[in-house]
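J.: model this:
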Amino acid sequence: MSGPTFQTNPIDLSKLLDDCHNGVIQLPDFQRSWVWDEDTIKSLIASISRSFPIGALMTLYTGGSVEFQPRLIEGVPETAKSVLPQSLLLDGQQRITSMYLVTLRKKVVETVAPKNKKVKRWFYIDIKKALNPNIDRDEAILSIPEDKKVTSQFGREVVLDISSPEKEYANFIFPMTEVFDWDEWQDGFDSYWAGDHNKHQREIFRQFKREILENFKSYRVPVIALDRETSKEAVCVVFEKVNTKGKALEAFELVTAIYAAEGYELRKDWYDNGKNTGRQIRFNNACRFSDNKEGIISKVSNTDFLQAISLFYTRERRRKAEQAGKQGNELPTVSGNRHALLDLPLSAYKQYEKQVEEGFEKAAKFLHMLHIYQVSDLPYQSQVVPLAAILADIGDDWEHETNRRKLTQWYWNGVFGELYGSAVDTRIARDFMEVPEWLKGATEPSTVSETLFRPDRLKTMKTRLSAAYKGINALLMKQGAQDFRSSQKYSHTVFFDENVDIHHIFPKDWCRKHDFKSKIYDSVINKTPLSYKTNRIIGSSAPSIYLKKLETGDKQTPGIKSADLDIYLKSHCINPVLLREDNFTAFIEDRQKQLIALIEEAMGKKAYQGDVQEDGLQLDFETEEAEYILF
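T.: Down below sits the predicted model:
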């Protein structure tokens, strides 16, 4: 019987990265490119900083029966091509490449930010936040623009400047490029904070070095090394297995296991209470119509539900700490993140579960009032959590018109500010704290006060991947858009009975024939909610032709008076004259202005008209092109 065809042993992370830098470890050429986004990179750094496991790597010794064309890890100097690799990295490329680019390469990292923007980032650790036990480590990991300045108000205000070592020292911001060799940086830090009166500042760094930096230097990664004798078939099978994404263990499953130790079956609450009416089913039925399989909040997960409960529990803990006289870092953080969920006691779950469930049911009604009728048209799934928590918190006060108007304004600022796309834990907690106070007369929540909408953003909204794209569709229905053919407003009954969806106003085929660019005619500016039957009448005809068809009618459908049809068009923010003239260019310009006015009304503020370059390169995944979007 043959022995094992692999070895396992832990190797220092620093050595693995050095081996990559020197070409000793390379990739098999069939490996995909490095693709990690900045939030995933930050999470990886946070895990290593706490000595948490990041999973094993898998390598294949070279020089055996299997020969693959090697290629360098991304970012490694071209001079390393002359080195014959000793090992090929089969699993772990994303993790190792991320750490290499962030640390040893000493250059800015090109990655992807929320909203699918290609950006250049430096990565840092906020020293004081990293040492604060009440702050999640992920929040202490910073991704900073290429010029090392963090701004707000679209570049008008600098909120953090670490563009020189002295500014890093002053702000206690440590660069990841020095994480394996910090002596020189520490010397500069000590010189900056020289003198007995700054002894405490120097001690903060020493504590940071002991508790954080040493974790990087001593970090060891398990490596499964396949022998040279491993067959090509075996390598391919192993590679397929390790690169197939599995389902991550959800916080709900971990909390279920914790509560089970106290004799409580959490899964029954969600999936079934013995009568096939578990909470999951109740949520699916909330504002669900007979001809639609899924309700508006049917995608709310069990973890979302726990997250909302955690907001109430952590807020209560914070209030008690404040009453006890605690301040600053002594105060618990209000949060619904993974760490908070694992600390959620069964008693708190039982205390708040009914109240929070009612909040989600009210959220479904609220969204329905905004003319969001199905879950696929929901701008942000993540924004349902704070919405439900806020509604659960304020109770019947949501029925007051003034409060509903403010809630609506907050909701649309979140949508058109595109604030709930990723890394939303902090945003959720902040809104949960700020919005109820705003309804009582306090200052505007930051989601309202700090959000701006840029007019040319409309030109980049092309599909339902954009939350704001869905938002415009709902706003048009809410303001009373009437179907071109039937003149019906889009109530939920009409919406489902008539198969309403968002369609082109100037048909795609007509636009192509007249050499207009898809990035314009596929934008939301040239789209509006219409019934299936109406869209069939439109077909690929010029607007002047299909409008004439609607006015003339046929055996099944009576004709429409020209003046009435103009009213229907105007209800969609469409200029009838421009449409009848087939004047696409003027139509786009005019409708953009009308849609901006609609958004401004919803947000309660004017769109931003400044000439500011937005950070990042807009990626267009439909056409696989990239273009700079100037605002």
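J.: Going by C-alpha atoms from here, please, whenever you check contacts or count neighbours.
T.: OK.
J.: which residue is nearest the centroid of the chain?
T.: Nearest to the mean C-alpha position of the chain, by Cα atoms, centre = their mean, lies residue 422 at 1.9 Å.
J.: Double-check that it belongs to a helix.
T.: No. Read with DSSP: H, G, I helix; E, B strand; the rest coil, residue 422 is coil and lies in no helix.
J.: That one: what's it in contact with?
T.: By Cα atoms under 8 Å, 6 or more residues apart in numbering, residue 422 lies in contact with residue 114.
J.: Give me the distance between it and residue 428.
T.: To residue 428, residue 422 is 11 Å away according to Cα to Cα, to the nearest Å.
J.: For stretch 320-334, C-alpha coordinates in CSV please.
T.: C-alpha atoms of stretch 320-334 as CSV (Å, rounded to 0.1, in the frame of the first residue of the first chain):
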residue,chain,number,x,y,z
LYS,A,320,-27.1,51.2,30.7
ALA,A,321,-23.4,51.9,30.4
GLU,A,322,-24.1,55.6,29.9
GLN,A,323,-26.4,55.7,32.9
ALA,A,324,-23.5,54.1,34.9
GLY,A,325,-21.3,57.0,34.0
LYS,A,326,-19.1,55.3,31.4
GLN,A,327,-17.8,57.3,28.5
GLY,A,328,-15.8,57.0,25.3
ASN,A,329,-14.1,53.7,24.7
GLU,A,330,-15.8,52.2,27.8
LEU,A,331,-19.2,52.3,26.0
PRO,A,332,-20.3,49.2,24.2
THR,A,333,-20.8,49.6,20.4
VAL,A,334,-24.3,49.5,18.9
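J.: So for it, what gets flagged as buried?
T.: 331-334 (16 or more other Cα atoms under 10 Å).
J.: what comes into contact with the top helix by length along the chain?
T.: Ranked by residue count under DSSP state H, the longest helix found in the chain is helix 346-369. Outside helix 346-369, the residues that touch it by Cα under 8 Å, 6+ apart are 259, 283, 286-287, 296-297, 305-306, 308-309, 312-313, 373, 384-385, 387-393, 395.
J.: How about stretch 515-530?
T.: 458-463, 469, 473, 476-477, 483-484, 500-506, 508, 511-512, 572, 588, 591-592, 595.
J.: distance between the ends of it?
T.: Length of stretch 515-530, first residue to last, Cα to Cα: 25 Å.
J.: Check stretch 205-219 too.
T.: End-to-end distance of stretch 205-219: 20 Å, with Cα to Cα as the criterion.
J.: just how off-centre is it within its chain?
T.: With Cα atoms, centre = their mean, to the nearest Å as the basis, stretch 205-219 stands 30 Å off its chain's centre.
J.: And for stretch 168-183?
T.: Its chain's average C-alpha position is 28 Å from that of stretch 168-183, according to Cα atoms, centre = their mean.
J.: List of residues touching the helix or strand hosting residue 47?
T.: Assigned by DSSP states H and E, residue 47 belongs to helix 38-49. Counting contacts by Cα under 8 Å, 6+ apart, the residues outside helix 38-49 that touch it are 53-54, 95, 98-99, 111-113, 121, 123, 137-138, 140-143, 212-213, 215-216, 219, 423.
J.: Quick one: name whatever helix or strand follows it.
T.: Defined by DSSP H and E, the subsequent element after helix 38-49 is strand 57-61.
J.: what comes into contact with that next one?
T.: 86-92, 221-228.
J.: Please measure how far the first residue of stretch 72-80 sits from its last one.
T.: First-to-last residue span, stretch 72-80, Cα to Cα: 8 Å.
J.: repeat for stretch 255-266
T.: Across stretch 255-266, the terminal residues are separated by 8 Å (Cα to Cα).
J.: go on, stretch 138-153?
T.: Stretch 138-153 has an end-to-end distance of 24 Å (Cα to Cα).
J.: For it, give the mean pLDDT please.
T.: Stretch 138-153 shows a mean pLDDT of 92.
J.: And the contacts of it?
T.: Contacts with stretch 138-153, where a contact means Cα under 8 Å, 6+ apart, come from 38, 42-43, 45-46, 108, 119-127, 129-130, 157-163, 450.
J.: Among the residues you listed, name the buried ones.
T.: With burial judged by 16+ other Cα under 10 Å, the buried subset of those is 38, 42, 45-46, 108, 119-127, 129-130, 161-162.
J.: Which members of those residues are positioned in strands?
T.: In strands, defined here by DSSP state E, the members of the buried ones among the contacts of stretch 138-153 are 119-126, 161.
J.: So which of the residues you listed is the closest to residue 405?
T.: Proximity of these to residue 405 (Cα to Cα) peaks at residue 119, which lies at 36.5 Å.
J.: what about the closest one, distance to residue 144?
T.: 10 Å.
J.: Same question for residue 129.
T.: For residue 129, the distance to residue 144 - Cα to Cα - is 16 Å.
J.: So which residues of the stretch 251-400 of the chain form helices?
T.: In the stretch 251-400 of the chain, the helices defined using DSSP state H, counting those that start in this stretch lie at 251-260, 266-271, 279-285, 302-323, 338-342, 346-369, 384-394.
J.: Which among these is found nearest to residue 23?
T.: helix 338-342 (37.8 Å).
J.: Distance from the strand or helix carrying residue 551 to the middle of the chain?
T.: Here residue 551 sits within helix 543-552, counting by DSSP H and E. Helix 543-552 sits 42 Å away from the centroid of its parent chain (Cα atoms, centre = their mean).
J.: quick thing: my sequence starts at 20, can you match it?
T.: Got it, first residue is 20 now, which makes that one helix 562-571.
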